[in-house]
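Engineer: Need a 3D model of the following:
(chains A and B)
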Amino acid sequence: MTPDPIPLRAPSMLECRNCGAGVPLDDHFCGQCDRILALGRHGDYFSFLGFPRRLSLDAQTLERRFRELSRKFHPDYFYNSSPTERLASLERSSYLNDAYRTLRNPAARIEHLLAIEGLPPAKSDEGGVKVPPALLEEVFELNEELDQIRESREEGGDRETLRRRLDAAREPIDRKRVEHERQIAGLMERWDAQSEAQSPERKATLEALRERLFERKYIDNLIATIEREAAEVRPDTAPIQPTGKARAEDRS
Amino acid sequence: MSKVVGIDLGTTNSLVAYVRDGVPVVIRDDSGDALVPSVVSVDAAGTVFVGREAQRRLLTAPSSTVYSVKRFMGRGIDDVREDASLLPFTVSGEAGGVVRIGIAGRQFTPPEISAFVLRELRRRAEDHLREQGEFDFDVDRAVITVPAYFNDAQRTATRDAGRLAGLEVLRIVNEPTAASLAYGLDKRDRGTIAVYDLGGGTFDISILKVEDGVFQVLATNGDTHLGGDDIDDLLISQVIADVGLGVAADAAEVVQTIRKAVIQAKLDLSEADETEIRVSSMSGLQSGYRRHLTRVEFEALIRPLLERTLDPCRQALSDAGLEPKDIDEVVLVGGSTRVPLVRRLVEDLFQRKPHSDLNPDEVVALGAAVQADILVSGRREMLLLDVTPLSLGIETMGGVMSKIILRNSTIPASGREMFTTFVENQTAVDVHVLQGERELVTDCRSLARFRLRGIPPMPAGMPRIEVRFQIDANGILSVSARELRTSIEQTIEVKPSYGLTDQEVERMLIESFEHAEADMEARLLIEARNEAESVIQATEKVLRRPDFEQLAAEAFEAGERERIDRTLADAREAIASDDRDRIHATTEALNQATRHLAEIAMNRSVREALAGKNVKDV
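Structural biologist: As a prediction, the model looks like this:
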C-alpha cells in the first residue's frame, strides 16, 4: 500500500480550497484561514509526520506524533464542518493511519523509504521462483533434506528422529537470519549517517538494503515451510501460536 | 438544537442514553427499567408492539413475534438456516440475498424489524426529555453500537435500520470500545485494557491502549454468533430431550414457555448453587416439567460453549503483540458476563480479576452517549481510534482473495488497487469485494460486486484504473475508481451481497411513513378507547352510589336520566368498534350528559365532607 513515488517535479505548494492561499506541501492546516487542507498528491510518510527520512525512529516519538495528529484530523471533530473539510479530515486521517502503520514496522519503513527514493521493492521473477544468489547453497540443501524428511514421515519414520533432523536443517537458516538482521541494522545506520551528509553513496546503501530485505523475505518463507513440516511431524501438539512480532511483520 | 442519543441495539435488550450536564445517563421508564426487550410483534390488525408488550406476546402469539433479530442483520438465508429452525417465526429469502422475516402476513427485512425497536427507543427518549422540561425534545440523531466483529454488511444493515427509524446515524461504534469510553470517564490515566463483551448473541474481545485521552484499539476479535442465547438453547435442548418433544412449529408456544423457564434458571444460578427449571402444565405439555439443576451441572453443560471465547482472546492478544501479563485491566461487558464461570475463565486467562463496577447491561449505551456528545459538542478531551475487525480484499484470478486493507488497521483506512483490461476496447471491469482472513474467495464473506464502467476504449492492458477503497470511521466501506491515463472518474454501481440497495432503503422509508401513519392511527385508537373507558367507569361509579336514586330524585331535570343511559350505551358500543371518531363523539356526548350529574354528585360529597367536619369539630 505504499503510494506512488512523488513525481519528479512535484508541486512544492498546495492551494487552500477555502481561501486560496498557497500552503507548503507538508502543512496540514491553512496558515491563513486555519481550515484543514485537502490531501494533495502526497507520497512521503516521513514528511507527512514531520520526520526526516531516517530509518531509526523512536517508537515513543512516533506514537506521540500519531496521537497528536489524530487529535487534529479525526472525523469526530469535523461533524459540523463543510463537506470539503469533512472529506479532507477523512483523507488526512486515513493517510495518517497508513503512515503510522507503515513506519511503526521496521521492514515496512525500509520498503517505504525505498519506494519514495525511487527503488520499488525487489520482486522475484514472474512466478516467484528466483532464489536470491546469496542463498542458493542453503536453499538447495534445505529442500533436499525437507524432501527426505517428508518421505520418511509418510513412510512412518520415527518422529523423534525426524524432529531432530528438522531442527538441524533449520539451524543454518536461523543463523542466516540473525546475520541478515545484523546487516540490515548496519545498513540502516549507514543510511541515516549518509542522508545527513548528503553522501553520493546513499544510493548504493539503498540498493544493498533492498537486496537484504528481499533475501530476508525469502528466509522467512523458508522458516515457514520448516514450521509447517514441524507441525506435521508433531501432530499431537497444537499448532504454535504466532508471536505478536512475527504477526505484525506479516502485515507489512 | 435537537438532542443526540447513544443507543445500544442489543440482541436481547436495547437501551438509550444521553449526556445530561456532562454526565451520561441511561433513560428509564416509569418503573425504573432501562432495558427495552429487542422484541417486535405484529397483530392481525397490523398493530406493532415493541419491548415488554411484545415480549409478553412471545408466549401468546409466538409465530407473529420476532426476537434476536440482530442475528439476521446483514446475513443471507444460508447463514441463518440453522438458527431459523429453532425460531417460531418464518425466515425466508433467496440464496445470496437478504433474509426476510414473515409475521402477520407481512414480510420484513431485519433492518425494518430493528427500526421498530429504534423507534421505540427514540420515543422513550423524547418522552423523557419532554418530562425533563427540555424546550427541544426532538431526537433525530444517534450513535448506535454494534459488535466489534460485525462485518461491513452487518454494520450497513444497522445504519439502514437507523435511517428507517428516522434517525441520522452519526456514528456506528463498536460495543467494547464504547464500554471502555464509559469506563474511561473517571480514570484517564494510561494503560492497556482488555474488554470482554459477551452479550445475548455476540462475543467480542478488544484490546485497547489508553494514553493522553486517546483510546486506541490495538486489536479486536470475536464471534458474531456466540452469546447468552446459545446458553439458553443448550438448556432448552436438554429440556426437550427430557420431555421428548418434537421441535415442530406447532410447539412454538411450548418452546417459548420452556425458554422463559430456562432463562430464569440461568439467572438463578448466577447467585445460587442450585435451582429448579419449572414449566407449568400447558397445552402440548400436559404434565408440566420440573428438573433440579445445580451450578456444577450447568457449568459442565455450558463450558465448551464459553471456552470458544478464549481463542479469539488469544488471537487478539497476539495481533496486538501482547501477552496476557501486559494487560493492566480487564473489563466485563454484556449480561452474560454475570455467569460465574465466565468470570472464572476470564480471570484464568488474563491472570487478573476483571472489573465490573458499571452495570454490564448499561455500560455500552453510556459509552455511545459519550461518543455522541463528543461528535456534536466538539469536546476534544477524549478520542476513540478503532480498527477494522476483518481484512478487506478483492477476488483475483483463480478464486483467490487478495487483501487490500488488513484486519486491525486503524480506521479510517484506505487502500488502492490497480486494474486493467484484457480485451481490446473493453469498457467495463467487474470487481468482487470480500471480507475475511482466508485465502479462498469461497471462504470469505462476499460484500459486494460492482462494475467499473466508462473505461475509455484502449488496447488491452493499456488502461490503468485505480480503485480506491475507503473504510470510514464507522467501519463501512465505500469505493471509487479513476482511470489514471485520462483521469476519468468511473461510475460504480455497488450491489451489496447481503444488504439493501439505497433504492430499497428509500422505498422502505416511504412505506414506513405510510405504516407510521397506520401505527400512529393504532396508537390514537388505543388512547381514544382508554379515555372513553375512564369516562364510562366514572359514570358507572356514580350510578352505583347507594344515594344515587335520592340524588336523581332531588336534582335531575326531565329526561336527564334517559339521556345518561342512552349516551352511556352508545359509548360502550363505540369502544367495541375501531372507529376512533365515533369513540370520540360518544365519549364527548357522555361527558356532556353527565356534567350535571357530576356537579350534583360532587356538591353532595363536598357537603357531606364539610358536614362531617362540622360534626367532628363540634
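
Engineer: got the residues of the stretch 51-200 of chain B near chain A?
Structural biologist: Residues of the stretch 51-200 of chain B lying near chain A by Cβ under 8 Å from any Cβ of the partner chain: B:L170, B:R171. (Glycine included, C-beta is placed from N, CA and C.)

Engineer: redo that, cut-off 10 Å
Structural biologist: By Cβ under 10 Å from any Cβ of the partner chain, the residues of the stretch 51-200 of chain B that approach chain A are B:R141, B:L170, B:R171.

Engineer: that's a strand at the second one, yeah?
Structural biologist: Yes. Residue state for B:L170 (DSSP: H, G, I helix; E, B strand; the rest coil) corresponds to a strand.

Engineer: what about it, how many neighbours?
Structural biologist: Neighbour count for B:L170, taken as other Cβ atoms under 10 Å in any protein chain shown: 22.

Engineer: Can you pull the phi and psi angles for residue 79?
Structural biologist: I went with chain A, as the question did not name one. phi -60, psi -30 (degrees, to the nearest 10).

Engineer: which SSE is B:R604 in?
Structural biologist: Using DSSP states H and E, B:R604 sits in helix B:580-617.

Engineer: What residues of that helix count as buried?
Structural biologist: Going by neighbour count (16 or more other Cβ atoms under 10 Å in any protein chain shown), the buried part of helix B:580-617 is B:580, B:582-583, B:586-587, B:589-591, B:593-594, B:597, B:601, B:604.

Engineer: Any chance of the residues you listed in CSV with pLDDT and distance to A:S94 as columns?
Structural biologist: Shown next, in CSV, are the buried residues of helix B:580-617 (pLDDT from 0 to 100; distance: Cβ to Cβ, whole Å):
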residue, pLDDT, distance to A:S94
B:R580, 83, 54
B:R582, 89, 61
B:I583, 89, 59
B:T586, 91, 65
B:T587, 90, 62
B:A589, 90, 68
B:L590, 91, 67
B:N591, 88, 65
B:A593, 88, 72
B:T594, 88, 71
B:L597, 84, 75
B:A601, 79, 75
B:R604, 78, 79
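
Engineer: Make CSV out of those residues and add distance to chain A.
Structural biologist: Below are those laid out as CSV (distance: Cβ to the nearest Cβ, whole Å):
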residue, distance to chain A
B:R580, 42
B:R582, 49
B:I583, 46
B:T586, 52
B:T587, 48
B:A589, 54
B:L590, 53
B:N591, 50
B:A593, 58
B:T594, 56
B:L597, 60
B:A601, 60
B:R604, 64
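
Engineer: which one of the residues you listed sits closest to A:K176?
Structural biologist: Minimum distance to A:K176 across the buried residues of helix B:580-617 is 85.6 Å, recorded for B:R580 (Cβ to Cβ).

Engineer: mind checking how far the closest one is from B:R122?
Structural biologist: According to Cβ to Cβ, to the nearest Å, B:R580 stands 24 Å off from B:R122.

Engineer: and what of A:E181?
Structural biologist: Applying Cβ to Cβ to A:E181 and B:R122 gives a distance of 58 Å.

Engineer: who's more crowded, the two?
Structural biologist: Between A:E181 and B:R122, B:R122 has the larger neighbour count (other Cβ under 10 Å), namely 22 against 13.

Engineer: next SSE after the helix or strand containing B:R56?
Structural biologist: Counting by DSSP H and E, the element that carries B:R56 is helix B:52-60. Note on helix B:52-60: by DSSP H and E, the next helix or strand toward the C-terminus is strand B:65-66.

Engineer: Give me the mean pLDDT for that following strand.
Structural biologist: Averaged across strand B:65-66, the pLDDT comes to 92.

Engineer: One more: stretch B:112-129?
Structural biologist: 94.

Engineer: now do stretch B:284-298
Structural biologist: For stretch B:284-298, the per-residue pLDDT averages 86.

Engineer: how's chain A carved up into domains?
Structural biologist: Chain A breaks down into these domains under automatic domain parsing: A:13-116, A:125-233.

Engineer: Of those, flag the one that's most buried.
Structural biologist: For the domains of chain A, the largest average neighbour count (mean count of other Cβ atoms under 10 Å in any protein chain shown) is found in domain A:13-116, namely a mean of 18.

Engineer: chain center to it: distance?
Structural biologist: 19 Å (Cα atoms, centre = their mean, to the nearest Å).

Engineer: Next, the contact list for the nearest residue to B:G191 once chain neighbours are set aside, please.
Structural biologist: Here the nearest residue to B:G191 in space, its sequence neighbours aside, is B:D328; by Cβ to Cβ, 6 or more residues apart in numbering or on different chains that works out to 3.9 Å. Listed by Cβ atoms under 10 Å, 6 or more residues apart in numbering or on different chains, the contact partners of B:D328 are B:D189, B:R190, B:G191, B:T192, B:I193, B:A194, B:K209, B:V210, B:R352.
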